[in-house]
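>>> Please find the sequence and the predicted model below.
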Amino acid sequence: MKQATDRGSAGGALDRAMSLIDLLANEIGPRRPTERGERLAAQLMRDELARNGVDAEIEPFEGYASFGTPYGLIQAAAVLPSLLPTRRRRLRSSLALLSGALLVGESSLKFPAASRLLARKQSTNVVATIEPADGARAERTLCLMCHLDTSRSGLMFHPRAARLLGYWIALQGVAGIAQAIGEPLLGGSRAGRRSLGAVRSFLAAGLLLLLERELRGEDVPGANDNASGCAVASVLAGEVAAQPLASTRLMLLMSGCEESGTLGAQAFLADHDTDGWLFLNFDNVGGPGPVKFLRKEGVLAKWDADPGLIATAQRVADADADLRLEPEDAPAGLTWDTSPVLAAGGRALTLSVQDGFIPDLHWPTDTYDNVVPDGVDRTLRAGRSMIAAVDAGSADSPQPAG
């Protein structure tokens, strides 16, 4: 991959990336969805891209500040039937079914009715297009993805509990569906109501954790999650702007409101014709572990990543063992910006530095000082090689090579 090597010879790529992480995490700090920090980050990244020859635009969309808002309402609707008189069976069943339907819609990313209802505050995506070399026809489009916003801490993200978060959310989802189905079927009997009450006590615990996060948590600096991904995507876009690809149009999407429900990625997909595009996402790439390419995503709903991009990542891994680039079928973390792409049947892959957990996930210790430059550097190199391989046609077929 000579092209990847040539691009990597430009000195200071890691230094530029670390400077951007410092800018986002230290100078701006927390970047809560739809709030001032997120808007400032979008403006500064647009200006930074311009200084490196990338003409980027800010695209507004409607969002909200926290995933606790829709899921809190869903949890409340699931718990409420047990607080209503038993004679109100129709209302109890209606609330139970409504909460289940909203949960399925949100978790599938296909019919997010609660999100669409609640999205009333402005957020922004930063979007750029870099056409291939002069006179060349774009045979494909590759979109680099990352997210600008940061999350909020809470007991659910305590370092001792974060490794179990995926299991907790999956169980909460199963309980939500169970009560939705169970109320119309079992709510007429005392034994059935007792069973439903136990399920809803578990759901109430989840609701209390959401409330605790909103009331007692704090907005985190987000150095690893996801200033690191923004830095890598920005540096790689700048390199491509300086030396355009041979036959690939490169897009860049720095999304807002990822932490409140991948709303920026969903807005981008709704506003752009992305049929046939390839998406490569960078998220939480400042840790010490291997650079994982996520072959599966999701907690309740599950999606397989694109086979062609998986095969390309494996070829890059085989060509350079120092990258520590490895496949992952059970990643830490929840949904990613690529999840809406995959849910819609698109072609996408996420790179994330992790090894069974994501360091400092949604915790106040997610600071610049805790970012591991080696993880950022290996992701830069892996991303650079992935871009070169895609430009050479490695991922053109949706099926991996035999």
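That came through, no problem. Numbering: from 1, shown residues only.

>>> those strands in the chain, which residues are they?
56-63, 121-130, 140-147, 248-255, 278-282, 291-294, 296-297, 303-304, 325-328, 347-353 (DSSP state E).

>>> Mean confidence (pLDDT) on stretch 346-361, please.
Stretch 346-361 carries an average pLDDT of 96.

>>> Next, the distance between the ends of it.
Taking Cα to Cα, to the nearest Å, the first and last residues of stretch 346-361 lie 27 Å apart.

>>> Likewise for stretch 367-375?
First-to-last residue span, stretch 367-375, Cα to Cα: 15 Å.

>>> Flag every buried residue along that stretch.
367-368, 370-372, 375 (16 or more other Cβ atoms under 10 Å). Heads up, the C-betas are built off the backbone N, CA and C, glycines and all.

>>> And residue 246, how far from residue 235?
20 Å (Cβ to Cβ, to the nearest Å).

>>> For these two, indicate the residue with more neighbours.
For residue 246 versus residue 235, the count of surrounding residues by other Cβ atoms under 10 Å is larger for residue 235: 26 against 14.

>>> Touching, that one and residue 19? I think so.
No. Checked against Cβ atoms under 8 Å, the pair residue 235 and residue 19 is beyond contact range at 9.8 Å.

>>> related to what we said a few turns ago, sort out for me which of the buried residues of stretch 367-375 are in helices.
residue 375 (DSSP state H).

>>> Same list, the buried residues of stretch 367-375, but as CSV with pLDDT please.
As requested, these are exported to CSV (pLDDT from 0 to 100):
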residue, pLDDT
367, 98
368, 98
370, 98
371, 98
372, 98
375, 98
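
>>> Report how many residues lie close to the nearest residue to residue 225 once chain neighbours are set aside.
Closest residue in space to residue 225, ignoring its immediate chain neighbours: residue 284 at 5.0 Å, by Cβ to Cβ, 6 or more residues apart in numbering. Other residues lying near residue 284 total 29 when counted by other Cβ under 10 Å.

>>> Taking the buried residues of stretch 367-375 together, which two end up most distant?
Within these, 367 and 375 form the most distant pair, 14.7 Å apart (Cβ to Cβ).

>>> and this protein, what are its domains?
2-64+120-153+218-391, 68-114+157-216 (automatic domain parsing).

>>> Mean neighbour count, these: which tops it?
domain 2-64+120-153+218-391 (a mean of 21; mean count of other Cβ atoms under 10 Å).

>>> next one: it to chain centre, how far?
Chain-centre distance of domain 2-64+120-153+218-391: 9 Å, with Cα atoms, centre = their mean, to the nearest Å.

>>> Over to stretch 171-190?
30 Å.

>>> What would it look like as PDB? C-alpha coordinates only.
C-alpha atoms of stretch 171-190 as PDB (Å, rounded to 0.1, in the frame of the first residue of the first chain):
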ATOM      1  CA  LEU A 171     -32.200  -7.000  30.400                       C
ATOM      2  CA  GLN A 172     -34.100  -3.700  30.700                       C
ATOM      3  CA  GLY A 173     -35.100  -4.000  27.100                       C
ATOM      4  CA  VAL A 174     -36.300  -7.600  27.600                       C
ATOM      5  CA  ALA A 175     -38.300  -6.500  30.700                       C
ATOM      6  CA  GLY A 176     -39.800  -3.600  28.700                       C
ATOM      7  CA  ILE A 177     -41.100  -5.900  26.000                       C
ATOM      8  CA  ALA A 178     -42.200  -8.500  28.600                       C
ATOM      9  CA  GLN A 179     -44.400  -6.100  30.500                       C
ATOM     10  CA  ALA A 180     -45.900  -4.700  27.200                       C
ATOM     11  CA  ILE A 181     -46.900  -8.200  26.100                       C
ATOM     12  CA  GLY A 182     -47.800  -9.400  29.600                       C
ATOM     13  CA  GLU A 183     -50.100  -6.700  30.700                       C
ATOM     14  CA  PRO A 184     -53.000  -7.500  28.200                       C
ATOM     15  CA  LEU A 185     -52.500 -11.200  28.800                       C
ATOM     16  CA  LEU A 186     -51.800 -11.400  32.500                       C
ATOM     17  CA  GLY A 187     -53.100  -8.200  34.000                       C
ATOM     18  CA  GLY A 188     -56.500  -9.600  34.800                       C
ATOM     19  CA  SER A 189     -55.200 -12.100  37.400                       C
ATOM     20  CA  ARG A 190     -53.600 -11.500  40.800                       C
END
